[in-house]
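[1] A structural model of the following input is requested.
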Amino acid sequence: MALVARRELTERVRERSFMIGTGISLVIVALVVVLPGLLGFGDADTYTVATGDPSSAAVAQAAERGAEAFDAELELRTLSPGAVDAALRDGDVDAVLAGGQLRAAEEPDEKLVNLLQTAYGEVRAAEALREAGVEGDDLRSVLSPPPLAIRTLEPVDDQRDRLGGLAFFTILILYGQLLTYGFWVASGVVEEKASRVVEVLLATIRPRELLAGKVIGLGLLGLGQLLLIAAIGLVIAAASGALDVDGDVLTAVGLSLLWFVLGYAFYACAFACAGALLPRLEELQSSTTPLTLTIMISLFVAFAVNSEPDSTLAHVSAFIPFTAPMTLPPRILLGEAPVIEIVGGAVVTAAATAALIPLAARIDSGAVLRTGSAVKLREAWRAARA
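    Below you'll find the predicted structure:
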């Protein structure tokens, strides 16, 4: 098994496609981590507002002071009445305050409208209070009351949005890894069978040892590739300030890698069975379609769970062997997966894999030497028993 595992690992590592794929994955990770900050995603919206008279200038200044509460920034300009239309048409300003009106080239942004409406109400309220004789500290206390204190039963996680993006990307990575390495197991079995190399190998090694070595070797390669991607991604995230890499994040990433191992072991055995039943590589696509669709369904379920990590679907999918490897890692990253679901899902997936391993070995041993046409599952089972 060790010899077969080493051969599978070294042969795949030397392939140019593996090196190119790993490089592309690392570039994508770097872009996902760095680009949002470079493109200004999550930053405050900036608006340019012009005023045409002193009364409108007071409203604009009040809006500038209160812009932070709306997660916005204002740049103020002063225009003459004749230059307003030209500035709006040219896009030099987003809106113009003049004569008690808000003017724009087209429908203005809702956040900007709300900000200016709030400021307008504040200025008009201040004028009414002054006319009523309220001045000084009394005026300021009325116009600027202390904000409501915000308290939550659960602690607020400032990293949650960033972790949500990381969880989404984790789903895509796991999907790609499970599908790719499962397909490699199946194609490796078919290639050896079609080239008759398997007949030479089986003169000195049992079918289950050959299958186990192939699964272990490719699994170690996939785990090593994921470790590399995760390590470089976390280093870039920490260096760019995109994510605070603490013990919780490292633990969550480690558990995600563990779930790749569990998911790979489960799917690899199934893909090996599909490969053993085929005589030619050309038929592999159709034979593995049910498994590909299963992984794809798990991908869509994982997306739904990532959107609502505390839903009934999330709790149920944690205990289904073919969905748990893709739905639990993002919930672990978000801190939404209870320990009982993590442990229970791992036990169920490991048990399903343990039941699938002897089944895969038996089917492989019964079909691996059958050539000429595709072998039916029942025929492979009977041949192994015979």
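[2] The helix or strand Leu97 falls within pairs with which strands, parallel or anti?
    Using DSSP states H and E, Leu97 sits within strand 95-98. As defined by DSSP bridges, the strand partners of strand 95-98 come to strand 45-51 (parallel), strand 101-103 (antiparallel).
[3] Format these as TSV; extra columns: mean neighbour count, mean pLDDT and distance to Gly21.
    C-beta: built from backbone N, CA, C; applies to glycine. Listed next are the strands paired with strand 95-98 as TSV, based on neighbours: other Cβ atoms under 10 Å; pLDDT from 0 to 100; distance: least, Cβ to Cβ, whole Å:
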stretch	mean neighbour count	mean pLDDT	distance to Gly21
strand 45-51	20	85	38
strand 101-103	14	83	53
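[4] Does the helix or strand where Leu284 lies pack against any helices or strands, and if so which?
    Under the criterion of DSSP H and E, Leu284 resides in helix 284-287. Other helices and strands packing on helix 284-287, by 3 or more Cβ pairs under 8 Å, 6 or more residues apart in numbering; DSSP states H and E, are helix 160-194, helix 247-276.
[5] What are the buried residues along it?
    Leu284, Ser287 (16 or more other Cβ atoms under 10 Å).
[6] Can you give the contact residues for that helix?
    Phe183, Ala186, Ser187, Val190, Ala274, Gly275, Leu277, Leu278, Ala374 (Cβ atoms under 8 Å, 6 or more residues apart in numbering).
[7] Apply 10 Å and report the result again.
    Applying Cβ atoms under 10 Å, 6 or more residues apart in numbering, the contact partners of helix 284-287 are 183, 186-187, 189-191, 271, 273-278, 292, 374.
[8] what about whichever strand or helix holds Lys214, distance to the chain center?
    Taking DSSP H and E as the criterion, Lys214 maps to helix 207-240. Computed by Cα atoms, centre = their mean, to the nearest Å, the chain-centroid distance of helix 207-240 equals 18 Å.
[9] tell me the angle of it relative to helix 160-194?
    Taking axes from the mean of the first three to the mean of the last three Cα atoms, to 10 degrees, one finds helix 207-240 and helix 160-194 inclined to each other by 150 degrees.
[10] What is helix 207-240 packed up against?
    Where contact means 3 or more Cβ pairs under 10 Å, 6 or more residues apart in numbering; DSSP states H and E, helix 207-240 is packed against helix 2-14, helix 16-38, helix 160-194, helix 197-201, helix 247-276, helix 339-367.
[11] got TSV for those helices, with mean neighbour count, distance to Tyr47 and mean pLDDT too?
    Compiled in TSV, the helices and strands packed on helix 207-240 are given as follows (neighbours: other Cβ atoms under 10 Å; distance: least, Cβ to Cβ, whole Å; pLDDT from 0 to 100):
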stretch	mean neighbour count	distance to Tyr47	mean pLDDT
helix 2-14	15	53	85
helix 16-38	14	21	77
helix 160-194	20	23	78
helix 197-201	15	68	71
helix 247-276	21	35	82
helix 339-367	18	45	81
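[12] okay if I get those as CSV plus distance to Val134?
    Converted to CSV, the helices and strands packed on helix 207-240 look like this (distance: least, Cβ to Cβ, whole Å):
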stretch, distance to Val134
helix 2-14, 78
helix 16-38, 46
helix 160-194, 42
helix 197-201, 93
helix 247-276, 51
helix 339-367, 58
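[13] was I right about Arg206 contacting Ala212?
    Yes - applying Cβ atoms under 10 Å as the test, Arg206 and Ala212 come out as touching, 9.4 Å apart.
[14] Much appreciated, bye for now.
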